[in-house]
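Peer 1: Dropping a prediction and its sequence here:
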Amino acid sequence: MRLVMTEPVEKMERPYARRWWALLVLCLSLLIIVMANTALTVAAPDMTKDLGLSSADLQWVIDGYTVPYAALMLLLGAIGDKYSRRGALVLGLLVFGGGAVFGYLADSSATVIAARAVMGVGAALIMPATLSLLAATFPRAERAKAITLWTATAGLAIAAGPVVAGALLRDHGWSSTFLINVPIAAVAIVAAFVLVPPSKAGHHDRIDYVGGLLSVIWTGSLVYMIIEGPHFGWGAKAITAAIVAGVGLAAFVAWELRHPRPILDVRRFAHRRFAGANLAVALFFLAVFGAFYYLTQHLQFVLGYDALQTGVRMLPLAGAVFVGSALTGWLTPRVGMKWTVTAGMVGGTTALALLTRVDAASAYADFLAPLIILGLAIGLALSPCTDAIMGAFPESELGVGGAVNDTSLELGGSLGIAILGSLLATSYGNHLSDATAGSTLPASALDTARDSVGAGYAVAQGIGDKAHALAAQAAHAQNPQQAAQLKQQAAELASGARQMADAVGSAFSSAVAHTSLVGAVVLGIGTVLVGILLPRREAAAPEVRTEEKELVNSGAN
């Protein structure tokens, strides 16, 4: 057995014998991309305290990863197709691991954001490479099963990130969560050379760099606008980004329609199956990422679980993803993609609808059914959509196909966190204002408490600390009258602290219910649209003709 796999997959006469081991390497690579975000959600409170992050700083720590990740995938996917898909994977793992080490050493908000941006560039290389290598390595008959396992890995990573990060945070600082990725990346790099066969497109035409640059401009500007506008207001930066995104998208479409070999043939979106699959991925992850964003906060702040306990309580979602993935592998060949994807989206809508019942008295048991249903829905919906998107591209453009799938996912996730996160913050602030109307607390303290649920509990904690301090003074007071006054003040403050904590918990629970209702309505409308768009039959003929045309063109060249 060769130490390094050198035979290109395109030259193999039979399916690659160790393709399932190769899939394990691709799934490991996917694992760290998803874990990089989910682990950060539980490390964010400690990071905020240690670095003194403002809400804007924290937002960009989270989203500094997203902008380069979403913006660069299409161009880097095309480059990987032309030169080396395995090379793109290995380079991405190196960049990602280097960014993780940089994040571990960071000691300021600027350096953490920079480290996250570097990791985003690495992820933009890795993500399309995993799907393109998967599609190139597996024969068409096995591709759907392989994509199902790839999808299940994403579900596992959603829950694994908080569990691993929570375990580290018990004995180590927030910076240790960056190092989760380094050993996995190192193992994946070595295993990629040993187990993953090299692969690239069969032709060597010039890359449409103008189209690639336009895709970077419009996608990056759109993601920036999605982040900046809802969170920081529609000022000059957000409006400028919106204009650049609109103009860039129009220029991109116009250029791609005229280019003889575009980086992305936008005419594919005229096919109902392709358009419906992309819409389903975007809308579904709008709901999933948005729900994950506020569910982890509710478990940590309102129910009082620490980072590890929160991660453990998200595990039913991961298990349900595996079950849903197994179901879709059995259902889709029998009933068709249309019904499997629609059923998954109906399940996601149901899960969000169940979360509208959340209130101040809700316990973890009230979240268990929505988490399980949401996991099942992810498993049902995502694999058939990814398979449909990848199936729309010829073998020479598998990296671009992976990039399109992942861009839809990332845009949907960014919209979910931005829109539902902004709605959550507004709803929480309004409910807390109503709950604290007539309070004797200083206006500055109330403003701070309305900023976020974490800030609200911090204000309550501060009041409680003052109450304890006054009680301690009363215990040592020499004057009985003064001691009585201090005790009374301490009791009033302690009561105020409890009332503030109750108000914060109640306001955030109401905000979760309100936000879930909006998410359920959006996903419900999206389910109807996807159900209309997706054809009843698979209609694979246009995709086969496209691939045949590409092979003819490459042979002529």
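Peer 2: That came through, no problem. Just so we're clear, the structure is a prediction, and the values are computed from it rather than from any experiment. Residues are numbered from 1 along each chain as shown.
Peer 1: which SS state does residue 470 fall under?
Peer 2: The assignment at residue 470 comes out as helix when based on DSSP: H, G, I helix; E, B strand; the rest coil.
Peer 1: The closest residue to it other than its chain neighbours: helix or strand, and which one exactly?
Peer 2: Leaving aside its chain neighbours, residue 470 sits nearest to residue 490 (3.9 Å; criterion: CB to CB, 6 or more residues apart in numbering). Quick note: C-beta positions are derived from backbone N, CA and C, even for glycine. Per DSSP states H and E: residue 490 is located in helix 480-533.
Peer 1: and the gap between the residue nearest to residue 470 and residue 244?
Peer 2: 56 Å (CB to CB, to the nearest Å).
Peer 1: who's more crowded, the two?
Peer 2: The neighbour count for residue 490 versus residue 244, taken as other CB atoms under 10 Å, is higher for residue 490 (20 against 17).
Peer 1: isn't the more buried one right up against residue 475?
Peer 2: No - counting by CB atoms under 8 Å, residue 490 sits too far from residue 475 to count as a contact (9.8 Å).
Peer 1: OK, contacts around the closest residue to residue 406 other than its chain neighbours?
Peer 2: Distance criterion CB to CB, 6+ apart; nearest residue to residue 406, sequence neighbours excluded, is residue 127 at 4.5 Å. By CB atoms under 8 Å, 6 or more residues apart in numbering, residue 127 lies in contact with 30, 33, 69, 73, 402, 403, 406.
Peer 1: any idea which helix or strand comes after whichever strand or helix holds residue 127?
Peer 2: Secondary structure from DSSP H and E places residue 127 in helix 109-137. Counting by DSSP H and E, the next helix or strand C-terminal to helix 109-137 is helix 140-169.
Peer 1: Helix, strand, or coil at residue 440?
Peer 2: coil.
Peer 1: What is the burial count for residue 17?
Peer 2: Residue 17: 9 surrounding residues under other CB under 10 Å.
Peer 1: that older thread, redo the contacts of residue 127 as JSON lines? Include pLDDT.
Peer 2: Output for these, formatted as JSON lines (pLDDT from 0 to 100):
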{"residue": "30", "pLDDT": "92"}
{"residue": "33", "pLDDT": "89"}
{"residue": "69", "pLDDT": "91"}
{"residue": "73", "pLDDT": "93"}
{"residue": "402", "pLDDT": "91"}
{"residue": "403", "pLDDT": "91"}
{"residue": "406", "pLDDT": "88"}
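Peer 1: Pick out whichever of those sits closest to residue 227.
Peer 2: Distance to residue 227 across the contacts of residue 127 (CB to CB) is lowest for residue 69, with 12.3 Å.
Peer 1: name the element the closest one belongs to?
Peer 2: Using DSSP H and E, residue 69 sits within helix 66-82.
Peer 1: tell me the angle of that helix relative to helix 109-137?
Peer 2: In terms of direction (axes from the mean of the first three to the mean of the last three CA atoms, to 10 degrees), helix 66-82 departs from helix 109-137 by 30 degrees.
Peer 1: Show me what helix 66-82 is packed against.
Peer 2: Contacts defined by 3 or more CB pairs under 8 Å, 6 or more residues apart in numbering; DSSP states H and E place helix 66-82 against helix 85-105, helix 109-137, helix 209-232, helix 398-415.
Peer 1: sorry, back to before: can you give me the angle the helix holding residue 490 makes with helix 398-415?
Peer 2: Between helix 480-533 and helix 398-415, the angle comes out at 140 degrees (the same axes, to 10 degrees).
Peer 1: what packs against helix 480-533?
Peer 2: Counting by 3+ CB pairs under 8 Å, 6+ apart, helix 480-533 packs on helix 272-297, helix 337-354, helix 421-435, helix 453-476.
Peer 1: In JSON lines, list these along with distance to residue 91.
Peer 2: Output for the helices and strands packed on helix 480-533, formatted as JSON lines (distance: least, CB to CB, whole Å):
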{"stretch": "helix 272-297", "distance to residue 91": "26"}
{"stretch": "helix 337-354", "distance to residue 91": "33"}
{"stretch": "helix 421-435", "distance to residue 91": "32"}
{"stretch": "helix 453-476", "distance to residue 91": "38"}
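Peer 1: can these go into TSV with extra columns for distance to residue 20 and mean pLDDT?
Peer 2: Converted to TSV, the helices and strands packed on helix 480-533 look like this (distance: least, CB to CB, whole Å; pLDDT from 0 to 100):
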stretch	distance to residue 20	mean pLDDT
helix 272-297	25	89
helix 337-354	24	94
helix 421-435	39	88
helix 453-476	44	85
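Peer 1: Can you say which of those helices is nearest to residue 152?
Peer 2: The closest of the helices and strands packed on helix 480-533 to residue 152 is helix 337-354. By CB to CB, the value is 13.6 Å.
Peer 1: hey, C-alpha coordinates of the closest one in CSV?
Peer 2: Provided in CSV are the C-alpha atoms of helix 337-354 (Å, rounded to 0.1, in the frame of the first residue of the first chain):
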residue,chain,number,x,y,z
MET,A,337,-36.8,14.7,-3.4
LYS,A,338,-39.8,17.0,-3.5
TRP,A,339,-41.6,15.2,-0.7
THR,A,340,-38.6,14.5,1.5
VAL,A,341,-37.4,18.1,1.4
THR,A,342,-40.9,19.5,2.0
ALA,A,343,-41.4,17.1,4.9
GLY,A,344,-38.1,18.3,6.4
MET,A,345,-39.1,21.9,6.0
VAL,A,346,-42.5,21.2,7.6
GLY,A,347,-40.7,19.6,10.5
GLY,A,348,-38.5,22.7,10.9
THR,A,349,-41.5,24.9,10.9
THR,A,350,-43.2,22.7,13.5
ALA,A,351,-40.1,22.9,15.7
LEU,A,352,-40.1,26.7,15.6
ALA,A,353,-43.9,26.7,16.2
LEU,A,354,-43.4,24.6,19.4
